[in-house]
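Asks: Quick one: sequence and predicted model below, then my questions.
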Amino acid sequence: MADGMLWSSSALQDPETIPLDQIDMSHPELWRTNVFWGYFKRMRREAPVHYTPESPHGPYWSVTRYNDIMHVDTNHKIFSSEPGITIADQDEDFQLPMFIAMDQPKHDEQRKAVQPIVAPDMLAKMEPLIRERICHILDNLPRNEPFDWVDRVSIELTGQMLATLFDVPQEDRRKLTRWSDVATGRDNEKICPGGEEQFRAELLECAAYFTNMWNERVNAPPRFDLISMMAHSPAMKNMPPNEFLGNLILLIVGGNDTTRNSLTGGVYALNQNPDQYAKLRANHGLIESMVPEIIRWQTPLAHMRRRTLVDTEIAGVKIPAGEKVIMWYVSGNRDETVIENPDAFIIDRARPRQHLSFGFGIHRCVGNRLGEMQLRVTWEEILKRFDKIEVVEEPTRVPSCFVKGYERMMVRIPG
């Protein structure tokens with residue numbers, strides 16, 4: 001059955017009346033139109049461990065409640081990350097292994113190789129550079145005329161940061177953004193109108209670019225950038241080309257999409273909640289608790305996938321070995337039974353770090369503190385300059401059930 005036919009059966013029906021077994025949360029239109037919330041609300045209530053028997057990605061289980069997601073995320077001996085972290089399967093002839101989609105011990109060895117770049121002492125050294133860059137970006141924004149916040153601020157800042165982490169020329173930063181978009185936009189006609197052929201060609205271009213860099217750095221003394229760290233790591237220096245590309249994609253997407261969409265989501269959330277914007281303007285100290293609240297409210301990666309290694313049970317539901325299990329972080333972050341008033345954006349929450357956006361267990365996001373720091377510094381500098389950033393039209397969202405993000409958001413800065 002064609003993908004479109006499968007998806008049409010569970011197209012945008014009323015979430016309260018659609019038969020439960022027809023709900024397929026992978027449908028891109030649910031995400032492009034931002035209407036998925038009601039489906040998750042019903043699933044948390046009626047089928048918190050939900051089975052979708054048919055989808056373009058095959059059958060899968062959805063885990064939608066906070067505590068059940070924590071159970072899956074922290075039990076890696078029952079729930080494997082191999083062979084992938086997204087609902088979509090990789091093609092057998094174009095496999096891209098990456099350490100987030102590996103189990104122990106290989107996962108731990110490879111993660112350890114790149115972890116020093118986000119150690120506390122490194123973050124302290126990076127902060128002045130991040131501040132300098134965000135000041136430059138903000139100081140060059142137009143006043144009293146609409147512009148695209150995604151392009152001018154979110155992509156620009158994260159692109160510059162990625163170029164620093166990889167130590168590539170800043171003039172190549174948009175290449176990194178492009179490869180990130182392609183890696184997560186394989187089925188998005190706007191990004192890959194040439195389909196699978198274009199997807200592979202552009203990622204192989206990414207591999208060639210970084211292979212040249214690897215060859216330079218493997219023969220030079222170790223440096224403090226991601227390519228040099230991999231090239232000089234016993235756990236990573238002998239990676240086959242497809243694994244090198246897989247880990248590149250992981251680090252590029254991890255450093256781009258998450259921070260980029262939280263930078264946009266924060267501006268959008270404050271516009272949707274003017275009382276919170278007023279509260280922030282009155283007390284800049286609330287940035288500290290607002291940053292994790294943005295990350296919870298936005299949930300920049302909507303899901304992660306696992307595979308059952310043994311027959312198991314979640315919340316009383318039996319799941320056989322070898323099944324695809326999707327942890328819907330975006331749903332867990334709105335779980336009414338765990339988070340008080342979860343649909344509201346509240347910048348002075350009592351427990352703002354109670355969220356799933358970074359994951360838990362051995363796969364917890366390695367760059368979470370760097371992402372938070374970029375958001376904090378950005379908002380510190382925004383509040384020094386602008387009384388308000390106005391969203392002038394509803395943003396264009398990414399049609400993806402994995403990257404929960406924005407293609408475009410037009411804003412205006414009065415003044």
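Replies: Sure, I can see it. Residues are numbered from 1 along each chain as shown.
Asks: Distance check, Pro128 against Arg385.
Replies: Using C-beta to C-beta, to the nearest Å, one gets 18 Å for the distance from Pro128 to Arg385. Quick note: C-beta positions are derived from backbone N, CA and C, even for glycine.
Asks: The two: who's more crowded?
Replies: Remark: of Pro128 and Arg385, Arg385 carries more neighbours, 13 against 10, as counted by other C-beta atoms under 10 Å.
Asks: Contacts only, for that one.
Replies: Residues counted as contacts of Arg385 (C-beta atoms under 8 Å, 6 or more residues apart in numbering) are Leu138, Asp139.
Asks: phi, psi of it?
Replies: Main-chain dihedrals, Arg385, degrees, to the nearest 10: phi -110, psi -40.
Asks: Same question for Ile314.
Replies: Phi and psi for Ile314, reported as degrees, to the nearest 10, are phi -130, psi 120.
Asks: surely it meets His50?
Replies: No: contact status for Ile314 versus His50: not in contact, 10.6 Å apart, counting by C-beta atoms under 8 Å.
Asks: Quickly list what's touching both of those two.
Replies: Jointly contacting Ile314 and His50 under the rule C-beta under 8 Å, 6+ apart are Trp61.
Asks: Distance from the longest helix seen in the chain to the middle of the chain?
Replies: Looking across the chain with DSSP state H, the single longest helix is helix 241-272. Taking the mean of its C-alpha atoms, helix 241-272 sits 5 Å from the chain's own mean (C-alpha atoms, centre = their mean, to the nearest Å).
Asks: doesn't Arg376 make contact with Ser262?
Replies: No: counting by C-beta under 8 Å, Arg376 is not a contact partner of Ser262; they are 11.1 Å apart.
Asks: Of those two, which one has the most company?
Replies: More neighbours surround Ser262 than the other of Ser262 and Arg376, with 27 against 17 (other C-beta under 10 Å).
Asks: Contacts only, for the spatially most central residue of the chain.
Replies: Residue closest to the average C-alpha location in the chain (C-alpha atoms, centre = their mean): Leu301, at 3.4 Å. Taking C-beta under 8 Å, 6+ apart as the contact definition, Leu301 lies against Asp257, Thr258, Tyr329, Ser357, Phe402, Val403, Lys404.
Asks: what's the burial count for the fourth one?
Replies: Using other C-beta under 10 Å, the number of residues around Ser357 comes to 25.
Asks: how would you label it: helix, strand or coil?
Replies: At Ser357, secondary structure determined by DSSP: H, G, I helix; E, B strand; the rest coil is coil.
Asks: The closest residue to it other than its chain neighbours in helix, strand or coil?
Replies: Distances taken as C-beta to C-beta, 6 or more residues apart in numbering place Ile295 nearest to Ser357, at 4.7 Å, with adjacent residues excluded. Of the three states, Ile295 takes helix under three-state DSSP.
Asks: Centre of the chain to stretch 359-367, how far?
Replies: Here the centre of stretch 359-367 is set off from its chain's centre by 12 Å, with C-alpha atoms, centre = their mean.
Asks: Give me the contact list for the helix or strand following the longest helix of the chain.
Replies: Next in sequence after helix 241-272, counting helices and strands by DSSP states H and E, comes helix 274-282. Residues external to helix 274-282 that are found in contact with it (C-beta under 8 Å, 6+ apart): 269-271, 286-287, 290, 345-348, 383, 387-388.
Asks: any weak-confidence spans in the chain?
Replies: 1-11, 91-93, 95, 97-103 (pLDDT under 70).
Asks: Residues touching stretch 30-46, excluding its own?
Replies: Residues contacting stretch 30-46 (C-beta under 8 Å, 6+ apart): 12, 15-16, 18, 20, 23, 25, 50, 62, 64-65, 302, 328, 330-331, 334-337, 343, 397-401, 404.
Asks: from the residues you listed, which ones fall inside strands?
Replies: Using DSSP state E, the members of the contacts of stretch 30-46 that fall in strands are His50, Ser62, Trp328, Arg397.
Asks: Leaving out sequence neighbours, find the closest residue to Leu245.
Replies: According to C-beta to C-beta, 6+ apart, the nearest residue to Leu245 is Ala207 (4.3 Å).
Asks: Leu248 now?
Replies: If you skip the residues right next to it in sequence, Leu248 has Phe210 as its closest partner in space, 5.5 Å away by C-beta to C-beta, 6+ apart.
Asks: wait, the one you found sits on Phe244?
Replies: Yes: contact between Phe210 and Phe244 holds when scored by C-beta under 8 Å: they sit 7.4 Å apart.
Asks: Would you agree Leu263 is in contact with Glu156?
Replies: No: counting by C-beta under 8 Å, Leu263 stays clear of Glu156, with 9.9 Å between them.
Asks: ok, those two, which is more surrounded?
Replies: The neighbour comparison of Leu263 against Glu156 (other C-beta under 10 Å) goes to Leu263, with 27 against 21.
Asks: how near is that one to Arg152?
Replies: Applying C-beta to C-beta, the value for Leu263 to Arg152 is 11 Å.
Asks: How about residues contacting stretch 343-356?
Replies: With contacts defined as C-beta under 8 Å, 6+ apart, stretch 343-356 is touched by 37, 66, 69-70, 73, 269-270, 272-273, 276, 279-280, 286, 289-293, 295-297, 299, 327, 329, 332-334, 338-339.
Asks: From those, keep the buried residues only.
Replies: 66, 69-70, 73, 269-270, 273, 276, 279-280, 286, 289-293, 295-297, 299, 327, 329, 332-334, 339 (16 or more other C-beta atoms under 10 Å).
Asks: for the stretch 101-250 of the chain, what spans make up the strands?
Replies: For the stretch 101-250 of the chain, the strands defined by DSSP state E, counting those that start in this stretch occupy 147-148.
Asks: which residues in it form helices?
Replies: 106-114, 120-139, 149, 156-166, 173-184, 195-218, 226-231, 241-272 (DSSP state H, counting those that start in this stretch).
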